[in-house]
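Undergrad: Here is a sequence together with a model predicted from it:
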Amino acid sequence: MNHTILHRQPQDDSHAEAAPPAAPASSAVTPSPAEDQLIAWATARGGRLLVVDDSPTNRLLTAALMRKAGFTVDTADGGAEAITTVTMAETPYDAVLMDVAMPEVDGIAATLAIRAMTGPRAAVPIIAVTAHGFAEDRDRCVFAGMNDYVPKPVRRPELLAALKRWLEPGGSDGGTVRRTIPVP
């Protein structure tokens, strides 16, 4: 029986840079023609988004997806920071991507506070980005005044399609919440 033994040379890691995190498997997939059209729309339109999520990983991933599509993105780590950020912004945001389940001030309470504001800040499209996919969760989003509903894990085509519905002239239909995937 022939055994091959591989010897590994010790490495001096004192000057090594940290390896970048592995890209999600979905990024290796070639975008569909429909996704290409959404990316072209987003790149041409641009705009300012606020991504609100208490998970640093989810917040950074969503922000990176939207920046890559051509948006300028600010982030908030919870509902209280989202309310302050929307209130204090020099120019109103084009849309808010709002996690629903967050400690202290959740996405529902933050949305209600934003809707209670005056002027264009109150009318900002708010898209729920949530892992909660039951009909009663969707109903809570509707009641709070969210405009759309995208389930986690976030997929760029679904999120861009929701943004396009609300950022295109005449794209909204009076505040009706639309879900990108049917409720299970």
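TA: Everything's here; your move. Numbering: from 1, shown residues only.
Undergrad: Point to the residue nearest the middle of this structure.
TA: residue 62 (4.3 Å; C-alpha atoms, centre = their mean).
Undergrad: Spatially, what comes nearest to that residue if we skip its sequence neighbours?
TA: Computed as C-beta to C-beta, 6 or more residues apart in numbering, the closest residue to residue 62 that is not its neighbour in sequence is residue 51, at 4.9 Å. Yep, even glycine has a C-beta here, placed from its N, CA and C like the rest.
Undergrad: what about that neighbour, how many neighbours?
TA: 28 (other C-beta atoms under 10 Å).
Undergrad: In contact with it, which residues are there?
TA: Neighbour list for residue 51: 59, 62-63, 66, 73-76, 97 [criterion: C-beta atoms under 8 Å, 6 or more residues apart in numbering].
Undergrad: Just confirm it is within a strand.
TA: Yes. Counting by DSSP: H, G, I helix; E, B strand; the rest coil, residue 51 is found in a strand.
Undergrad: Who does it form a beta bridge with?
TA: As for beta bridges, residue 51 partners with residue 75, residue 97 under DSSP bridges.
Undergrad: tell me the pLDDT at it?
TA: You'll see residue 51 listed with a pLDDT of 96.
Undergrad: same check, this time on the one 3 residues further on
TA: Residue 54 is assigned a pLDDT of 94 by the prediction.
Undergrad: Spatially, what comes nearest to it if we skip its sequence neighbours?
TA: In space, residue 54 is closest to residue 102, 4.3 Å off (C-beta to C-beta, 6+ apart).
Undergrad: what about the one you found, which SS state?
TA: With three-state DSSP as the basis, residue 102 sits in coil.
Undergrad: is it true that it touches residue 80?
TA: No. Between residue 102 and residue 80 there is no contact under C-beta atoms under 8 Å: 9.2 Å.
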